[in-house]
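**Q** let's see this in three dimensions:
(chains A and B)
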Amino acid sequence: MSSDRLDLRIEDLTVVYGGVTALDNVNITVPPGGFVTVLGANGAGKTTLVRSITSLLYLHKGRVRRGSITLGGESILDKKSPDIVKAGVAQVPEGRKLFPNLTVKENLLCGAASRSDVNAIDDSLEQNLELFPQLRPLLNQTAGLLSGGEQQMVAVGRALMSDPALLICDELSLGLAPKIVHRLFELLTEINERRGTSILVIEQNASLALQHAADAYVLELGRVLIEGTADELRGNPMVQELYLGGGGEAHTSYAAIERPSRRTETHGRRPPVSET
Amino acid sequence: MLLAFGNFTADPSVNLQLLIGGLALGAIYAVVALGFVLVYKSTDVLNLAHGEFLMLGAYFALTFLISENLNFFLGVFVLLLVMLVFGLLVHYGIMRRMVGQGFFAIVLITLGIATIIRALLLIFYGPTERARLDLLPQGSFEVGGATVRYVDLIIFGVVAACVLLFFLFFKYTRLGLHMRAVADDIEAAAAMGIDPDKVYAMTWAAAMVMAGIGGLLFGHVTGAIDRSIEAIGLRAFPAAVVGGLTSLGGSIVGGLVVGVIEQFANGHLGTKWREPVAFSVMFVVLLVRPTGLWGRKDLERV
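**A** Numbering: from 1, shown residues only, chains lettered A, B, ... in the order given. A predicted model of the protein is given here:
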């Protein structure tokens, strides 16, 4: 269904907020129709990664110092956020970020801001309601009054309204019941397989993300620490220890793992906090 | 002690006259309050230059409708078009650079804009006051011993029509939806492909057009047109706050309530009580309902 199959390539990306380096030489690729997850703890630079791709860094006084981001071979680094949505990148922001005073239907329609074909928008709305039948009776409800799970469905549906080639989900699982999160991940897999939409999932819930994704990256303090297929990462002792609850045989001590340090270039000032 | 409060009267025709005068004044307040609400709702900016915007509208009405003597409808069209261009100028020239700055920094910028408009009007129009506009029908008729001016009725109708138009615009158009989305969460709106810059530009343009309409109407009922009529902005402020600053309907009800209360204070207590009473009403409303009568309380489930 999606317009095109496009690959996302992030190469040597370095992002700074003031003097603080939030991402340092990051390379990540989402192949066309791929399902990729980026894992990492708080402050690893996950949200900065999303903001870089979707050109929202400026709202947080961040900027790209080096590197490139291309979608289907075309640079999207200097594009404004509306043009990036138009090019095929949609996002489910961290914390859902619905428009609380708008109705569910109005929220969904806002997701189609980059499109103008009324019939196609109606089709997408109908597809969404087939994907999330629970939302149909809630269409005229004020979004801020829905439960967390319902809100997250609206957030995913809203992103899909732009008919994206790439769907980015930032911390989908945050604050939701495990059952709902499982269901959402199943739906993402379905969207990925049926529509060929590429999926990039930024997650703290590593075990679930690794079950569904094909490729995975571990981001730590702004750098890619580990990368590989999801299977490889599941078998990686360090990932097991740090992100999968230490179920593996190798019990590497947390302190013994060599971690890259965040490179700062401050001038003695305390920089603004970058992650929200 | 009560005697000091002036002469209370139970004469129904006097009270009816005060009510009618209050509603007429309230309609003017409502137009101004609508301008406050429009900008505050969509850009989160408290625009203290709105009184000056309105004054700009009144002076432009003088230019196009009196000096240039254009046909009434053509003149109004040109007036609103020029106001629209000025609105875009305010956004692209000044306010755009302020996005992301602190609330009070932006409020101070609007005070700066107000000063600039006052100065420009002094430079281009000089210090002499002008006679008020007289393009709308001037007569009046009697109802139950009270006089109703046609011009007040027209103002009432125009304000009602504006509110209805804005309501339909916000509810049923794409741009209106996008404006509400930006008002709710600018970052989420940007992430959905809505361009906040365009939305803000349209908001300032719409506010200026509203001020053009307001200036045209107020220019008909003010004593004379001079550089003191911007005070209508401050006088309508309680109306906007009572209404809740985020609700279009609230700005109308707030305008009418404050207008009527002021007229009754004026008639029964004396002119000096008019503004103290209006602001007292604002304080009491804010004490009971901090977001105003119809103000938005952000819905967020955590």
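
**Q** nearest spatial neighbour of residue A:64, skipping sequence neighbours?
**A** Take residue A:64 and drop its neighbours on the chain: the residue closest to it by C-beta to C-beta, 6 or more residues apart in numbering or on different chains is residue A:15, 5.5 Å away. Every C-beta, even on glycine, is put in place using the N, C-alpha and C of the backbone.

**Q** my guess is that neighbour contacts residue A:25, does it?
**A** No: applying C-beta atoms under 8 Å as the test, residue A:15 and residue A:25 come out as separate, 10.3 Å apart.

**Q** ok, these two, which is more surrounded?
**A** Using other C-beta atoms under 10 Å in any protein chain shown as the criterion, residue A:15 and residue A:25 rank with residue A:15 on top: 24 against 15.

**Q** contacts only, for that one.
**A** Contacts for residue A:15 (C-beta atoms under 8 Å, 6 or more residues apart in numbering or on different chains) come out as A:21-23, A:45, A:48, A:52, A:57, A:62-65.

**Q** please, which helix or strand holds residue 242?
**A** No chain was given, so I picked chain A. Using DSSP states H and E, residue A:242 maps to helix A:237-243.

**Q** that's the wrong chain, I meant chain B
**A** Counting by DSSP H and E, residue B:242 is found in helix B:231-243.

**Q** tell me what angle the following helix or strand past that helix forms with helix B:231-243.
**A** The first helix or strand that comes after helix B:231-243 along the chain, using DSSP H and E, is helix B:248-269. With axes from the mean of the first three to the mean of the last three C-alpha atoms, to 10 degrees applied, the angle from helix B:248-269 to helix B:231-243 works out at 110 degrees.

**Q** the stretch 151-276 of chain A: strands as residue ranges?
**A** A:166-170, A:198-203, A:215-220, A:223-229 (DSSP state E, counting those that start in this stretch).

**Q** excluding its backbone neighbours, what's nearest residue B:265?
**A** Closest to residue B:265 by C-beta to C-beta, 6+ apart is residue B:277, at 3.9 Å.

**Q** tell me what the helix or strand hosting the one you found is packed against?
**A** For residue B:277, the element it lies in under DSSP H and E is helix B:274-288. Counting contacts by 3 or more C-beta pairs under 8 Å, 6 or more residues apart in numbering or on different chains; DSSP states H and E, helix B:274-288 is packed against helix B:231-243, helix B:248-269.

**Q** give me whichever of the ones you listed is most buried.
**A** helix B:231-243 (a mean of 25; mean count of other C-beta atoms under 10 Å in any protein chain shown).

**Q** could you find the closest non-adjacent residue to the closest residue to chain B within the stretch 151-276 of chain A?
**A** As assessed by C-beta to the nearest C-beta, chain B sits closest to residue A:162 within the stretch 151-276 of chain A, at 6.2 Å. If the residues on either side of it in the chain are set aside, residue A:162 comes closest to residue A:90, at 4.7 Å by C-beta to C-beta, 6+ apart.

**Q** can you list the residues of chain A near chain B?
**A** A:54, A:56, A:59, A:61, A:80-82, A:84-86, A:90-91, A:93, A:97-102, A:106, A:109-111, A:113-114, A:142-148, A:151, A:158-159, A:162 (C-beta under 8 Å from any C-beta of the partner chain).

**Q** show me those residues that map onto strands.
**A** Among the residues of chain A next to chain B, the ones falling in strands (DSSP state E) are A:90-91.

**Q** just the buried members of the residues of chain A next to chain B?
**A** Buried residues within the residues of chain A next to chain B, defined by neighbour count using 16 or more other C-beta atoms under 10 Å in any protein chain shown: A:54, A:56, A:59, A:80-82, A:84-85, A:90-91, A:93, A:97-102, A:106, A:109-111, A:113-114, A:142-144, A:146, A:151, A:158-159, A:162.

**Q** pLDDT below threshold where in the stretch 201-302 of chain B?
**A** For the stretch 201-302 of chain B, the stretches with pLDDT under 70 are B:296-302.

**Q** where exactly do the helices run in chain A?
**A** When assigned using DSSP state H, the helices of chain A occupy the ranges A:46-53, A:81-87, A:104-110, A:118-131, A:148-160, A:178-195, A:206-212, A:230-235, A:237-243.

**Q** make a markdown table out of those and add mean pLDDT and distance to residue A:31.
**A** Below are the helices of chain A laid out as a markdown table (pLDDT from 0 to 100; distance: least, C-beta to C-beta, whole Å):
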| stretch | mean pLDDT | distance to residue A:31 |
| --- | --- | --- |
| helix A:46-53 | 94 | 15 |
| helix A:81-87 | 93 | 17 |
| helix A:104-110 | 96 | 29 |
| helix A:118-131 | 94 | 24 |
| helix A:148-160 | 95 | 20 |
| helix A:178-195 | 93 | 12 |
| helix A:206-212 | 92 | 16 |
| helix A:230-235 | 92 | 13 |
| helix A:237-243 | 83 | 21 |
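
**Q** leaving out sequence neighbours, find the closest residue to residue B:242.
**A** That would be residue B:254: by C-beta to C-beta, 6+ apart, it lies 3.9 Å from residue B:242.

**Q** all good on my end, thank you.
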